[in-house]
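>>> just to be clear, the model below is a prediction. Sequence and coordinates:
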Amino acid sequence: MTSDYLESARKQFEYYKMLGEKTFSQVSDEQLFWQYNDASNSIATIVKHLWGNMLSRWTDFLTTDGEKEWRDREAEFVNDISTRKELLTKWNEGWDCLLNALGSLTNEDLEKEIYIRNMGHTVTEAINRQLAHYPYHIGQIVFIGKMVCDDNWTSLSIPKGNSSTYNAEKFEKPKHKEHFTNEFLNIRSE
């Protein structure tokens, strides 16, 4: 398992990054900033939070605490992003930091101990922590996108009512190893 873990984690992160980007492509600039109410976050606010978390967690990943002194988590929930371009810049900056840090790791690093808010984690545990955290927020982004697009939303997975057809097509093919990410990236093209 160890030899495949880093590659599997990278593919999972890339999958959720893709879901966010496919959502951004379906919503208008105005919809990026829509909030259900004052207590809710917009897509832009969620992106700003992910950006702040990613920069904090993945900068100097092996050598400094994942909650950096310079991080202002509370400010992540004050939306001062004003354009799609600015949103995408933050989005890409956060993901680049994560994917570069992940790409620098080796299997030998997986059992090393790192800290997040002074709590020790193995590298594997820290990666798993973020693999739970980021999809939680990407799901929020997708849900908001689905709400604001209403009937104009294009499903990012198997559309409701198409499970039988999709499964029949998959079971017609011989068994083979296909990475989870690749299969789901191809759903919309089938």
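Cool, got the structure.
>>> drop to CA atoms for contacts and neighbour counts, all remaining ones
OK.
>>> tell me the mean pLDDT for stretch 136-154?
Average pLDDT, stretch 136-154: 97.
>>> in it, what counts as buried?
137-138, 140-142, 144-146, 148-149 (16 or more other C-alpha atoms under 10 Å).
>>> next, format the residues you listed as JSON lines and append distance to residue 97 and secondary structure.
As requested, the buried residues of stretch 136-154 are arranged in JSON lines below (distance: C-alpha to C-alpha, whole Å; DSSP: H, G, I helix; E, B strand; the rest coil):
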{"residue": "137", "distance to residue 97": "18", "secondary structure": "helix"}
{"residue": "138", "distance to residue 97": "17", "secondary structure": "helix"}
{"residue": "140", "distance to residue 97": "22", "secondary structure": "helix"}
{"residue": "141", "distance to residue 97": "20", "secondary structure": "helix"}
{"residue": "142", "distance to residue 97": "22", "secondary structure": "helix"}
{"residue": "144", "distance to residue 97": "25", "secondary structure": "helix"}
{"residue": "145", "distance to residue 97": "25", "secondary structure": "helix"}
{"residue": "146", "distance to residue 97": "28", "secondary structure": "helix"}
{"residue": "148", "distance to residue 97": "30", "secondary structure": "helix"}
{"residue": "149", "distance to residue 97": "30", "secondary structure": "helix"}
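>>> dihedrals phi and psi, residue 119?
phi -100, psi 120 (degrees, to the nearest 10).
>>> same check on residue 116?
When quoted as degrees, to the nearest 10, the phi and psi of residue 116 stand at phi -130, psi 110.
>>> and it, how far from residue 88?
26 Å (C-alpha to C-alpha, to the nearest Å).
>>> now do residue 18
For residue 18, the distance to residue 88 equals 13 Å [C-alpha to C-alpha].
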